[in-house]
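>>> Sequence and predicted structure are below.
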Amino acid sequence: MKANTMKTPAPARRRFFAQGAGIGAALIGAAAVSRVAQATVPEAPLRDSAATVITPLPAKGRPYNPVVTLNSWTLPWRMKDGYKEFHLIAEPVRREIGPGMIANLWGYNGQSPGPTIEVVEGDRVRLFVTNKLPEHTTIHWHGQRLPNGMDGVGGLNQPQIKPGETYVYEFIARRAGTFMYHPHADEMTQMAMGMMGFWVTHPKDPKFMPVDRDFCFLLNAYDIDPGSATPQINTMLDFNLWTWNSRTFPGIDPLVCRMGDRVRIRVGNLTMTNHPMHLHGHEFVVTCTDGGWTQPSSRWPEVTTDIAVGQMRAFEFEATEPGDWAFHCHKSHHTMNPMGHDVPTMIGVDHRGVAAKINKLVPDYMVMGERGMADMGEMEMQIPDNTLPMMTGQGQFGPIEMGGMFTTVKVRKGQAKNDYKDPGPYKYPPNTVAYKWAGESLNPTRAPTSRMTEIDPATGRATGGGKSIELTVRKPAGGHAGH
Ligand SMILES: [Cu+2]
């Protein structure tokens with residue numbers, strides 16, 4: 001049970017293409033690797049698409065209900081000598097972060113984040129990790145109970161995996177729950193470049209806390225200068241791409257649910273700040289933390305839950321309300337893409353003509369409008385190549401003006417069980433949408449100001465329309481107030 005280095009035979013690599021785009025596009029499974037079941041090192045499947053892959057029910061091994069990893073996939077495995085064997089390859093990848101914007105990242109098996117690993121409580125797991133990066137790496141299995149030498153902290157628990165080497169990790173998945181994996185070697189660089197993945201250990205009893213839909217994704221962030229493609233790895237806090245599984249809105253697939261389904265959403269945070277995750281239209285309870293399932297008596301309903309750095313949370317709700325419900329991080333700068341964070345506030349400033357003059361000198365110069373920034377969502381400003389607009393996305397009523405960590409939970413009556421296909425925009429029943437007042441133009445009666453009180457700084461006394469309040473100032477020093 002010791003991480004040991006070995007010569008790497010060139011592993012078989014097979015590409016898994018999504019047939020078309022979007023959820024439900026491709027079905028792959030454990031059976032896909034049976035061809036090489038007898039090889040010493042398991043096949044390392046490869047994927048280069050950002051489409052969500054729906055994993056079928058396991059054909060062998062102990063039963064479980066697979067998770068749906070947003071805009072990502074689950075790594076196929078093989079059974080050998082009583083072990084579930086996986087093969088991860090750490091390597092440079094290209095990821096489409098949003099429509100038309102490609103980033104040069106590091107990841108696993110062709111993508112960032114790497115594929116989700118799904119096992120069952122009690123499984124014996126063997127993970128081959130091959131390093132195809134230009135520098136050494138390791139993998140830490142975040143949150144797991146495992147032998148100390150399998151914990152993956154470079155230098156502390158094992159030698160780093162040098163470029164070209166393959167290491168093997170072996171442990172028993174002792175605790176069911178929600179986990180992550182990431183390097184514990186040159187961590188700042190490797191995580192800023194996108195090296196991370198999700199891990200789910202399903203309960204031994206498939207009837208334990210069953211749900212109809214079980215979604216998961218990682219919170220991650222990049223700092224990629226407009227017009228470039230490689231992250232700035234030294235950035236500590238000022239990231240400009242706030243992503244779920246290395247995707248920004250509108251590139252994040254919707255979470256499609258059938259009305260009445262019990263839905264679980266698992267989220268892990270590998271950014272440098274916390275993210276208050278907010279769901280519209282439903283209340284949820286946190287049912288799993290990094291430490292395992294929560295006691296039912298410890299749960300309380302909420303509509304926003306904060307996820308700190310390094311934490312994992314799973315929350316559950318009954319999808320009882322039909323519609324297209326926003327689901328997003330509630331930090332408003334995290335639902336925006338690059339550009340504009342350094343732009344001065346111009347609300348209320350009449351700068352007509354100034355921008356035109358500056359534009360003659362700096363063609364890409366952009367100023368915030370004096371009425372706010374909504375025009376940017378509508379106009380799709382001229383921006384450098386390979387850059388996402390700050391506010392974007394088109395809804396059935398107009399521009400959605402979002403970016404970053406935003407998508408929708410789509411709840412539909414007609415959706416079939418286990419069907420994740422995007423049903424399109426919600427068809428609103430008559431008379432259920434906010435409407436424009438079409439009656440006479442109103443000059444609404446305003447509330448009287450008589451109750452408002454202001455303090456005149458000269459006299460220290462209350463002024464304004466309300467009753468005067470006399471203030472007596474008492475100084476605390478030495479009990480000689482009033483001198
Ligand atoms: Cu956030």
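Received, thanks. Residues are numbered from 1 along each chain as shown.
>>> which bits of this structure sit near the ion?
Neighbours of the ion within the chain, by C-beta under 5 Å from the ion: 275, 329, 331, 334. (Each C-beta comes from the backbone N, C-alpha and C, glycine too.)
>>> ok, 8 Å please
219, 242, 271, 273-276, 329-331, 333-335, 404-405 (C-beta under 8 Å from the ion).
>>> Tell me how far the helix or strand containing residue 125 lies from the chain's centre.
When elements are assigned from DSSP states H and E, residue 125 belongs to strand 124-131. The chain centre lies 25 Å from the centre of strand 124-131; the measure is C-alpha atoms, centre = their mean, to the nearest Å.
>>> all strands for the stretch 201-350 of the chain, in order.
Counting by DSSP state E, counting those that start in this stretch, the stretch 201-350 of the chain has strands at residues 213-222, 241-244, 255-258, 262-269, 275-279, 285-289, 292-293, 304-307, 312-318, 323-329.
>>> Could you say which one of those comes nearest to residue 97?
Closest approach to residue 97 among those (C-beta to C-beta): strand 241-244, 6.2 Å.
>>> Which strands and helices lie in contact with the closest one?
Packing partners of strand 241-244 (3 or more C-beta pairs under 8 Å, 6 or more residues apart in numbering; DSSP states H and E): strand 213-222.
>>> Roughly how far does residue 56 sit from residue 114?
Distance from residue 56 to residue 114, counting by C-beta to C-beta, to the nearest Å: 20 Å.
>>> what about the two, which has more around it?
Neighbours were counted for residue 56 and for residue 114 using other C-beta atoms under 10 Å; residue 114 has more, 30 against 13.
>>> could you list every residue that touches residue 184?
Residues near residue 184 by C-beta atoms under 8 Å, 6 or more residues apart in numbering: 138-140, 151-154.
>>> Please, which helix or strand holds it?
With DSSP H and E as the test, residue 184 turns up in no helix or strand.
>>> Which residue, other than its chain neighbours, is closest to it?
residue 140 (4.0 Å; C-beta to C-beta, 6 or more residues apart in numbering).
>>> State the distance spanning the first to the last residue of stretch 424-434.
20 Å (C-alpha to C-alpha, to the nearest Å).
>>> List of residues touching it?
With contact meaning C-beta under 8 Å, 6+ apart, stretch 424-434 is reached by 322-324, 395-396, 410, 412.
>>> Out of those residues, who's the most crowded?
Going by other C-beta under 10 Å, residue 410 tops the contacts of stretch 424-434 with 23 neighbours.
>>> and the gap between residue 46 and residue 391?
35 Å.
>>> Name the residue in those two with the higher neighbour count.
Neighbours per residue, other C-beta under 10 Å: of residue 46 and residue 391, the larger number sits with residue 391, 26 against 19.
>>> Now render the strands of the stretch 201-350 of the chain as a markdown table, adding distance to residue 107.
As requested, the strands of the stretch 201-350 of the chain are exported to a markdown table (distance: least, C-beta to C-beta, whole Å):
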| stretch | distance to residue 107 |
| --- | --- |
| strand 213-222 | 11 |
| strand 241-244 | 13 |
| strand 255-258 | 23 |
| strand 262-269 | 15 |
| strand 275-279 | 21 |
| strand 285-289 | 25 |
| strand 292-293 | 28 |
| strand 304-307 | 22 |
| strand 312-318 | 19 |
| strand 323-329 | 22 |
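>>> Name the helix or strand for residue 105, please.
strand 101-108.
>>> Packing partners of that strand?
When contacts are defined as 3+ C-beta pairs under 8 Å, 6+ apart, strand 101-108 packs onto strand 83-98.
>>> tell me the mean pLDDT over the strand it packs on?
Per-residue pLDDT values across strand 83-98 average out to 97.
>>> what's the answer for stretch 162-179, then?
In the prediction, stretch 162-179 has an average pLDDT of 98.
>>> can you dump the C-alpha coordinates of it into PDB?
Output in PDB follows, covering the C-alpha atoms of stretch 162-179 (Å, rounded to 0.1, in the frame of the first residue of the first chain):
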ATOM      1  CA  LYS A 162       8.400  13.800 -11.900                       C
ATOM      2  CA  PRO A 163       7.500  14.500 -15.500                       C
ATOM      3  CA  GLY A 164       7.100  11.200 -17.300                       C
ATOM      4  CA  GLU A 165       6.600   9.100 -14.100                       C
ATOM      5  CA  THR A 166       3.500   7.200 -13.000                       C
ATOM      6  CA  TYR A 167       2.600   6.800  -9.300                       C
ATOM      7  CA  VAL A 168       0.000   4.500  -7.900                       C
ATOM      8  CA  TYR A 169      -2.300   5.400  -5.000                       C
ATOM      9  CA  GLU A 170      -4.300   2.600  -3.200                       C
ATOM     10  CA  PHE A 171      -6.900   3.000  -0.500                       C
ATOM     11  CA  ILE A 172     -10.300   1.900   0.600                       C
ATOM     12  CA  ALA A 173     -13.100   4.500   0.200                       C
ATOM     13  CA  ARG A 174     -14.000   4.300   3.800                       C
ATOM     14  CA  ARG A 175     -16.500   7.100   4.100                       C
ATOM     15  CA  ALA A 176     -19.500   7.900   1.800                       C
ATOM     16  CA  GLY A 177     -19.700  11.600   0.800                       C
ATOM     17  CA  THR A 178     -18.500  14.500  -1.300                       C
ATOM     18  CA  PHE A 179     -14.800  15.000  -2.000                       C
END
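>>> distance between that stretch and the chain's centre?
On the basis of C-alpha atoms, centre = their mean, stretch 162-179 sits 23 Å off its chain's mean C-alpha point.
>>> And the strands in the stretch 351-483 of the chain?
Assigned by DSSP E, counting those that start in this stretch, the stretch 351-483 of the chain shows strands spanning 392-395, 398-402, 406-412, 454-455, 462-463.
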